[in-house]
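# What follows is a predicted protein model with its sequence.
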Amino acid sequence: MNRRQAVILGVFSLTVLIVFSVVFMKLSDTQRLTVSFLDVGQGDAIFIETPNGTQILIDGGPNGGVLRELGKRMSFFDRSIDMILVSHPDMDHVGGLPELFDRFSVKHLLVSGVSSDNSAYEEMMNGAKKENTDIRFARRGRIVLDQEHGIFLDILFPDREVTGLETNMSSVVMKLIYRETSFLFTGDSPQAIEKYLISQDPKVLDVDVLKLGHHGSKTSNSEEFLLNTSPEYAIISAGKGNSYGHPHKEVLDLLNKDNIPYLDTMDVGTIVFESDGKSLVKK
C-alpha cells in the first residue's frame, strides 16, 4: 500500500468512526419510552422499550402475528427480549408465545399463577424452561425497568395466590410509570376486579393511557373504573369482524359519554406512543 492509499484509508476510517460515534451518541441520548399496542387481531400484545434499551412484551396475541409486528420494531439482529409478562393464559394472549420462545432468548417470564390446559400455554412454559428463562409469579409490587430514567412497572393485581381462579379473574393488572406519564394494562380483568382495585386505592388508577379490559367487552370497563382512570386515550385491541362483537357498543357509549378518546387496533393498526417523561405523543 502506497502513502496515498494509506492516507485515503485513514481518512475513510476516521469518517466511519465519527459517523458511528454521532449515531451512537444520538441513540444513547434518547430519553424516550416507546409503548406499542401491536395489531395482532383478536388478542393482546404490547411491546415496551425503555430509553436504556430494555424490552418488555406483555402478552403474545393469538398466533404468529406478534412475530410479524415485532419484526417491524426490533432490529433484525436483535434476538433477545428482557421480559415477557403474560396477563393470563387464554389463547388470545399466549397463542404467539411458543414460536417466540423458539426464536428469541428471553431473560424473565412473569405469569399470573393460574394454569391452563391449552396447548399454547404449555408449549410456552416448556420453551421457557428449555431456555432456562427465569420464571416467576407476578404479584403486587414494583419492578424497576430502567433505573437511570426512573421507569417502573407497578403490579396492582394479583396481590395474592390465584390458583383456582377463573383465568380472566386472575389477569395481571399493571401500571407503567415514566415520571409524569403512565399507562395501565388490564388484561381481561372483569368489573369485579376493577371494583376491587378502586376500593384499594383509586388515585393509583389515574393514568394517561388505558388499555381497555377484555378487548372493549362490557364485562369489563365499568363507568366507575373509566372515571377513576380518566385517561387521555383508551386503547382497544381487537380483531376486525371478531365473533364476540368486541368492542361492545355499551363500552363505546360510555367512552363517548365521558369524553374519553379511544383508538382501536382493528381500525388503525398498531398504535404507538412515545413519552419523554413529561409529555406523551401518539406517533
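Looks like it arrived, so ask away. Numbering: from 1, shown residues only.
# which ones are touching Ser237?
If a contact means C-beta atoms under 8 Å, 6 or more residues apart in numbering, then Ser237 has Phe37, Leu38, Val40, Gly43, Asp44, Ala45, Lys211, Leu212, His215, Asp264, Thr265 as its contacts. In this view, the C-beta of every residue, glycine as well, is placed from N, C-alpha and C.
# who wins for neighbours among those?
Counting neighbours by other C-beta atoms under 10 Å, Asp44 leads the contacts of Ser237 with 32 neighbours.
# Where does pLDDT dip in this protein?
Per-residue confidence of the chain (counting by pLDDT under 70) places the weak regions at 1-29.
# Next one: the residue most central in space within the chain from Lys218, what distance?
Central residue of the chain (C-alpha atoms, centre = their mean): Ile46, 2.9 Å from the mean position. Noted for Ile46: a distance of 22 Å to Lys218, by C-beta to C-beta, to the nearest Å.
# go on, Ile48?
Shown here: Ile48 relative to Lys218, a distance of 28 Å by C-beta to C-beta.
# before we move on, what SS does Val106 have?
strand (DSSP: H, G, I helix; E, B strand; the rest coil).
# pretty sure the residue nearest to the centre of the chain contacts Asp39?
No - Ile46 is not in contact with Asp39 according to C-beta atoms under 8 Å; the separation is 11.3 Å.
# quick check, Val272 in a strand?
Yes - counting by three-state DSSP, Val272 is located in a strand.
# ok, it touching Ser36?
Yes - the pair Val272 / Ser36 is scored as a contact, 4.7 Å apart, by C-beta under 8 Å.
# Those two - which one has more neighbours?
When Val272 and Ser36 are compared for neighbours, Ser36 comes out ahead with 21 against 15, by other C-beta under 10 Å.
# which residues does the more buried one contact?
For Ser36, the contacting residues are Ile46, Phe47, Ile48, Glu69, Arg73, Thr270, Ile271, Val272, Phe273, by C-beta under 8 Å, 6+ apart.
# Which two among the residues you listed are spaced furthest apart?
Greatest spatial distance among those (C-beta to C-beta): Glu69 and Phe273, at 15.2 Å.
# Regarding Val281, which helix or strand does it belong to?
Element membership for Val281, per DSSP states H and E: strand 280-282.
# ditto for Val35
strand 33-37.
# next one: Arg142
Taking DSSP H and E as the criterion, Arg142 maps to strand 141-146.
# Next: Ile198.
For Ile198, the element it lies in under DSSP H and E is helix 191-200.
# could I get that helix in CSV with only the CA atoms?
Output of helix 191-200 as CSV, limited to C-alpha atoms (Å, rounded to 0.1, in the frame of the first residue of the first chain):
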residue,chain,number,x,y,z
GLN,A,191,-65.6,-5.5,36.6
ALA,A,192,-65.3,-7.3,39.9
ILE,A,193,-61.5,-6.8,39.8
GLU,A,194,-62.0,-3.2,38.7
LYS,A,195,-64.2,-2.6,41.7
TYR,A,196,-61.6,-4.2,44.0
LEU,A,197,-58.8,-2.0,42.6
ILE,A,198,-60.9,1.1,43.1
SER,A,199,-61.5,0.1,46.8
GLN,A,200,-57.8,-0.4,47.3
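# Counting by contacts, list what it packs against.
strand 151-157, helix 223-229 (3 or more C-beta pairs under 8 Å, 6 or more residues apart in numbering; DSSP states H and E).
# So which of the ones you listed is nearest Leu85?
Evaluated over the helices and strands packed on helix 191-200, closeness to Leu85 peaks at strand 151-157, with 8.0 Å, by C-beta to C-beta.
# Next, the angle from the closest one to helix 191-200.
On the basis of axes from the mean of the first three to the mean of the last three C-alpha atoms, to 10 degrees, strand 151-157 is oriented at 110 degrees to helix 191-200.
# Much appreciated, bye for now.
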